[in-house]
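>>> Okay, here's the prediction I keep looking at, along with the sequence it came from:
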Amino acid sequence: MVSLRFILCFLLVSSAYATIVSHDGRAITIDGHRRVLLSGSIHYPRSTPEMWPDLIKKGKEGGLDAIETYVFWNAHEPTRRQYDFSGKLDLIRFLKTIQDEGLYGVLRIGPYACAEWNYGGFPVWLHNMPGMVFRTTNKAFMDEMQNFTTMIVDMVKKENLFASQGGPIILAQIENEYGNVMGPYGESGKAYIKWCANMAQSLDVGVPWIMCQQNDAPQPMLNTCNGFYCDNFVPNNPNTPKMWTENWTGWFKQWGGKNPHRTTEDVAFSVAKFFQRGGTFNNYYMYHGGTNFDRTAGGPYITTSYDYDAPLDEYGNLNQPKYGHLKKLHDVLHSMEKTLTYGNISTINFGNSASATIYKIEEGSSCFFLNGNETSDATISFQGGSYVVPAWSVTILPDCKNEAYNTAKITTQTSMMVKKPNEAEDSPSSLKWSWRPENMDNFLLKGKGQSTTRQLLDQKVVSNDQSDYLWYMTTVKFKKRDPFLGKGMSLRINSTAHVLHVFVNGKHIGKKLIYVFQISIILTYQKLIDLGNQHVENGKFHYVFEKDVKFKSGHNVISLLSITVGLANYGAFFESKPAGITGPIFIIGKNGDETITKDLSAHKWSYKTGLNGFENQLFKTESVSKWSVERLPFNRTMTWYKTTFKAPLGNDPVVVDLLGLGKGTAWVNGNNIGRYWPTFISSENGCSAKCDYRGAYHAEKCLTNCGEPTQRWYHIPRSFLNTSGNNTLVLFEEMGGNPSLVNFQTTRVGSVCANVYEKNIIELSCDRKSISAIKFASFGNPDGNCGSFEKGTCASSNNIVDILTQECVGKEKCSFNVSTEKFGAPDCNGAARRLAVEAIC
Ligand code: GAL
């Protein structure tokens, strides 16, 4: 009796809180209502729990309804059946933070993620299980995938986090973009996707499952679109709404690459066009990209920064105008929710890529005017009105009369971020450094590792990805008069190591790196750079290292240090892309005229995973032994450096400037802040001073930072720092560098600009700092961009700088109408007048 009462009571409580999430062909429905949903990706391990509330709050203030994240299997299950959900990996805490903010959650369990994350999120131990093939009907794989997926679902259910339980999660994802790579898997691929669908369905989460880029997604899976534009996407079932799971707000960065920028106008254009053409769910990938701490960057060669040019920058600052311009778009779209999701749709084509779409319900109608032409503006006549729609833009009229928004007309401020020196320290030179060498004697002189085989093994198999570093060592014996001791001997190594250091008898004889540059996730081209052989073989990440070597009679130790810089995360069968030194390896020489070769591939090879200093945890603050303050070396390979510093005052995000260093890993107070590589300079060419938002975006468009280090600044989350007392920075420098320039900085808004037409309201905000001066202001037809504005040929004679100084200086924000009453009425030959202003924060 008691238990029945209990059950009844439980049912009442849970049904009172449960939210019913479903869908029809038009939209996701929540408690029976069709919804316009705007969502943004924030990956929890790419920031810290201390940052989550602020990031999510900014998402909400930016007009988002939902936060989306992947779940990162290899982070949670680093060793089979040993789990980690602590700190940055506290998925439940992240989901509860979303809930606390009153937002919905979209949980992409995968468990394949891609995401420029190490190995796409798969644990390397999984690869090393016997008979394993990923993402196909392989029993071992399916068992493990099901095990992890079930565990995550159970964890989330236990906390009542699915909407069906009263929680925030409205959608779950299984797999990820399998449709893009499924061809090579043949019939097994098709069977696998069916299995995924059944498996997911059997977990009974009570909310719809999505499968992105999967046009054969079995019912009831919702197939969704990913890309820079998705307005042409048609779901595979009339009962599936048009959903966009990844609207790429920018792009990722690889070592050797430049800074990608996708213009605000183009992101807004893509979203408006998507909703114009019937879309009702849009998720920004990324809304906050964040940082690839530790060894989480994928690859190869994904940088530590995963800024993505997202609406919130790597550190969580508002990336303006992107953040604000999209917020306005969200407000307009939300205001039209009912018409967009219930309205009758009709379209008028005006030719020349111009069209109008009208959504009509009884109470009224809403309109979109699209001009898809890349160069010419369009004038659209509609119901007695005439509307100029700039090239490559969409105008939204919630009442089909008044323009509420145009994607190309930005009325949000542009914020210019600056880096400020650490006021808690005098200057970089005040940092006191100590150092110690990486102890490599056993490997360089004795060739002694942990295990041996008569074979060259894949790095993943030996190291299980416990480290970036793997030693391959062998000993070669020559008799006194051996022809291999003659002149012109060389060592030739076929390798896929991302970075390779070669030592013979303790001497560093050379290094080589692979250069893989991915222009898009679909299209990867590889280029190998080195001073020596350039070589791409059948599109494999493979090169030949060859250097002259002098061997001695007796024993010679060859020690090869193979380094990974993030494991591949994309492509069919990407798990079996080779890593490390694949061979063959030869010693090549001449005996008279004859070429002689010695194949070392089946020699006895000795292996050692990781470096000594990592094993001895030299990065720990407590490590005191054997650090020297004498004769600080510069440009020395395999060297550890350590210093202490004071945390910058205030709350602004902190970065460390590692210019002068080569390549390695950095820790702050024992926290691994990621790989650094400031000597990797991007090429001089391919950047554009001006960036035209018009025309289709692709990852090679609108690049900046040519000829500069791909990444010079590295994020140190505030929670890693002690506010009082000292903090410790430890660097492991692998290639050789100079730490004397290292310094700590904070990032903040330096100045804010606006450039808007009359009759708009503009708000200037220094993001909780006060506006200190108006540097430039002109009303008329001013020229230039933020930071380089100039008066145009027509300009108001009023003292605009004075007016705005009175209005804004000393305040955190100010807002005003750009009107002739306020700023005068200069005669600009009838053209609309603009106000350009730059304020210093
Ligand atoms: C998609 C993938 C994402 C991410 C993105 C590029 O194809 O689903 O995980 O890798 O490309 O940033």
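Happy to help now that I have it. Remember, it's a predicted structure, so these values are computed and weren't measured experimentally.
>>> how deep is the residue in the chain that the ligand sits nearest to tucked in, by neighbour count?
Nearest residue of the chain to the ligand: residue 114, at 3.4 Å (CB to the nearest ligand atom). Any C-beta I mention is one placed from the backbone N, CA and C, and that applies to glycine too. Neighbourhood size, residue 114 [other CB atoms under 10 Å]: 21.
>>> Give me the nearest residue to it, chain neighbours excluded.
Leaving aside its sequence neighbours, residue 114 sits nearest to residue 120 (CB to CB, 6 or more residues apart in numbering; 5.1 Å).
>>> For my notes, confirm the residue of the chain closest to the ligand occurs in a helix.
No. Under DSSP: H, G, I helix; E, B strand; the rest coil, residue 114 sits outside any helix and is assigned coil.
>>> Please determine how far it is located from residue 498.
Remark: distance between residue 114 and residue 498 (CB to CB, to the nearest Å) = 19 Å.
>>> just checking, what's the longest strand in the protein?
strand 743-757 (DSSP state E).
>>> That one - which strands sit beside it in the sheet, and in what orientation?
strand 414-421 (antiparallel), strand 654-657 (antiparallel), strand 834-840 (antiparallel) (DSSP bridges).
>>> So for that strand, mean pLDDT?
Strand 743-757 carries an average pLDDT of 96.
>>> sorry, back to before: rebuild the strands paired with strand 743-757 as JSON lines, extending it with distance to the ligand and mean pLDDT.
Formatted as JSON lines, those follow (distance: least, CB to the nearest ligand atom, whole Å; pLDDT from 0 to 100):
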{"stretch": "strand 414-421", "distance to the ligand": "22", "mean pLDDT": "96"}
{"stretch": "strand 654-657", "distance to the ligand": "23", "mean pLDDT": "98"}
{"stretch": "strand 834-840", "distance to the ligand": "33", "mean pLDDT": "97"}
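>>> Please produce a markdown table containing these, extended by mean neighbour count and distance to residue 780.
Output for the strands paired with strand 743-757, formatted as a markdown table (neighbours: other CB atoms under 10 Å; distance: least, CB to CB, whole Å):
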| stretch | mean neighbour count | distance to residue 780 |
| --- | --- | --- |
| strand 414-421 | 17 | 19 |
| strand 654-657 | 22 | 39 |
| strand 834-840 | 23 | 7 |
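>>> Save those strands as a markdown table, and put in distance to residue 177 too.
Below are those laid out as a markdown table (distance: least, CB to CB, whole Å):
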| stretch | distance to residue 177 |
| --- | --- |
| strand 414-421 | 32 |
| strand 654-657 | 33 |
| strand 834-840 | 42 |
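>>> Residue 716 is nearest to which of these?
Among the strands paired with strand 743-757, strand 654-657 comes nearest to residue 716, with 4.6 Å by CB to CB.
>>> What are the buried residues along stretch 548-568?
Buried residues in stretch 548-568, counted by 16 or more other CB atoms under 10 Å: 549, 551, 556-568.
>>> for stretch 149-163, same thing?
Buried residues in stretch 149-163, counted by 16+ other CB under 10 Å: 149, 151, 152, 153, 155, 156, 157, 159, 160, 161, 162, 163.
>>> Likewise for stretch 799-808?
For stretch 799-808, the buried set under the neighbour-count rule, 16+ other CB under 10 Å, comprises 800, 803, 804, 805, 808.
>>> Look at the fourth one and give its secondary structure.
On the three-state scheme (three-state DSSP), residue 805 is labelled helix.
>>> Secondary structure element holding the residue nearest to it when sequence neighbours are not counted?
Sequence neighbours aside, residue 774 is the residue nearest to residue 805 in space, at 4.9 Å (criterion: CB to CB, 6+ apart). Per DSSP states H and E, residue 774 falls inside strand 773-780.
>>> Could you export that strand as PDB, keeping only the C-alpha atoms?
Extracted C-alpha coordinates of strand 773-780, given in PDB (Å, rounded to 0.1, in the frame of the first residue of the first chain):
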ATOM      1  CA  ALA A 773      37.700  58.900 -24.200                       C
ATOM      2  CA  ILE A 774      36.100  59.400 -27.600                       C
ATOM      3  CA  LYS A 775      39.000  59.000 -30.000                       C
ATOM      4  CA  PHE A 776      37.100  59.700 -33.300                       C
ATOM      5  CA  ALA A 777      33.500  60.600 -34.200                       C
ATOM      6  CA  SER A 778      32.100  61.900 -37.400                       C
ATOM      7  CA  PHE A 779      28.600  62.100 -38.900                       C
ATOM      8  CA  GLY A 780      28.300  62.100 -42.700                       C
END
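>>> which other residues reach stretch 486-494?
Residues from elsewhere that reach stretch 486-494 (CB atoms under 8 Å, 6 or more residues apart in numbering): 500, 502, 504, 509, 542-551, 558, 560, 581-591.
>>> Tell me which of those fall in strands.
500, 502, 504, 509, 543-548, 558, 560, 585-591.
>>> could you flag which of those residues are buried?
Buried subset of the ones in strands among the contacts of stretch 486-494 (neighbour count, 16+ other CB under 10 Å): 500, 502, 504, 509, 543-547, 558, 560, 585-589.
>>> what's the closest of these to residue 675?
residue 500 (16.3 Å).
>>> Contact partners for the closest one?
For residue 500, the contact set (CB under 8 Å, 6+ apart) comprises 493, 511, 512, 513, 545, 560, 561, 562, 563, 581.
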